[in-house]
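In: Okay, here's the prediction I keep looking at, along with the sequence it came from:
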Amino acid sequence: RRNTPKMKHMLEKPLPEKLTGQLKKWMAATVAATMMLPGTMAVPAAENTQSNLPQEELTVHFIDVGQGLAIMAKAGDDVLVYDGGNSDAASYFVSYLKDEGIEDIDYMIASHYDADHLNGLVGALHAFDTETIIAPDYKHNSKLYTSFYNTLSSQNKEVTYPEVGQEYEFGEGSFTVLGPTQIRDDSNNNSVVVRLDYGDTSFLFTGDAESKEEKDIIAANEDLYCDVLSVGHHGSASSTSWDFLEAVLPEYAVISCGVNNSYGHPDPDTIEKLESIEAQIFRTDLQGNIIAISDGETITWNNLPSNGEVLYAADFVSVKEEPNDTSSTVGELGPGNQIQVLNRDDNGWATIVFNGATTYIPSSYLSDIDPQTMTQAAPTQPVGNMVWLSATGSKYHSRNNCGNMNPANARQVTESDAVSQGYEKCKKCW
């Protein structure tokens, strides 16, 4: 990682216990390897840490519920859900769990009682048999809070109000409660924060915890290091303080928020902080459902990180599997669609992420401003001759009723744009 002034302060601190243990394993393995070199003294073989790794994988799903949070983790037969999104995504949340083959829930954690976290859990209580329900011990003045507890009462279930440091077995791993250390007047800072440890990998779920609770958690817990941070409060500027990042030092960060949400989540300051420690960032608003798979040693993902520019499509544009290849269309973007841009080359092509894969569009279709929010200006005459493109095919046409295309799926672009995308003239209509 870059040695920024903030990072320099981090590196001067003692290593967390978990990192120290990993370093000792690496040093032991390095010493053991010298037994094979000529002229070296034989030493006892290092302990085989492979046998300590889990036999089954852990999958963690950061489910795209729009402006909300919903996480499902599965290890062997054990299932944990952490929040369930808002009312408009509750049915999707339940359907998603069913599609993943979930029949019972071992642990249901309500981070706190705000609607964009709790609604889906009420739906899940009606759909699945749930064993242990964990939630913070405070009252929330809402009908949803009442509905949550009435549902539990009707099922003769009780809520566990956890204490900091309380540990629960989960598959071949465990999760530990890190917060809240105290109950406050504001709901966000009462979030149940847990760290899920699986082999040598770890995930930190923070709900909507803001800087006040983050400070409490730092004071109460010596070792907060994690591999994956579920970024607090949807990436709001009120969460993910520098002190908290210094303690956590995540390799990966996942932000759950809605597309073009009215809150401006994630805040640019939060993104800047995460990028300054070179965390690889995933976002549900840009990438949909994010899935991490841990074998106890390494973590793999169903998607590429979202680091890079986030721009908008200025108009309809075909997405290509390869640049300059008209036969490799894999989809289409429309005006205002957000685009994760990885690179722009000198030949006029932009490398973007589309449906989790590296793809390409002409750079001329990128815009810094959402065209749908721009003030409507007087129509201007396009520069150059206008031609027609079909939904598929490699030719451009002078009219939309050419016998080689379907008029219903035709769209217009300038001839120069068609040529730049690799299309050729249709010999029938020219």
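Out: Right, received. Where do you want to start?
In: buried stuff in stretch 301-311?
Out: Buried positions in stretch 301-311, judged by neighbour count with 16 or more other CB atoms under 10 Å: 301, 303-308, 310-311. Yep, even glycine has a C-beta here, placed from its N, CA and C like the rest.
In: go on, stretch 55-69?
Out: Along stretch 55-69, the positions that meet the burial threshold by neighbour count (16+ other CB under 10 Å) are 57-58, 60-69.
In: Looking at it now, give me its mean pLDDT.
Out: In this model, stretch 55-69 has a mean pLDDT of 97.
In: so how far is the first residue of it from its last?
Out: 29 Å (CA to CA, to the nearest Å).
In: Low-confidence regions, the stretch 251-400 of the chain specifically.
Out: 374-384 (pLDDT under 70).
In: show me where it has strands.
Out: With DSSP state E, counting those that start in this stretch as the criterion, the stretch 251-400 of the chain has strands at 252-255, 280-283, 290-294, 299-301, 309-313, 317-320, 329-333, 338-344, 349-354, 357-362, 366-367, 386-389, 395-397.
In: quick one: which of the buried residues of stretch 55-69 is nearest residue 317?
Out: Taking CB to CB as the measure, residue 317 sits nearest to residue 64 out of the buried residues of stretch 55-69, at 23.2 Å.
In: host element of that closest one?
Out: Taking DSSP states H and E as the criterion, no element holds residue 64; it sits outside all helices and strands.
In: residues of stretch 363-373 that come out buried?
Out: Of all the residues in stretch 363-373, those buried under the rule 16+ other CB under 10 Å are 363-367, 370.
In: Can you tell me what sits against that stretch?
Out: Outside of stretch 363-373, the residues that reach it under the criterion CB atoms under 8 Å, 6 or more residues apart in numbering are 260, 311-315, 317, 333, 335-336, 339, 341, 344, 348-350, 417, 420.
In: circling back to that earlier point, how about the buried residues of stretch 363-373 in a markdown table, adding distance to residue 138?
Out: As requested, the buried residues of stretch 363-373 are exported to a markdown table (distance: CB to CB, whole Å):
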| residue | distance to residue 138 |
| --- | --- |
| 363 | 51 |
| 364 | 53 |
| 365 | 49 |
| 366 | 46 |
| 367 | 45 |
| 370 | 39 |
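In: any idea how far residue 160 lies from residue 192?
Out: Here the criterion is CB to CB, to the nearest Å. By it, residue 160 lies 10 Å from residue 192.
In: who touches both of those two?
Out: The contact sets of residue 160 and residue 192 overlap at 134-135 (CB under 8 Å, 6+ apart).
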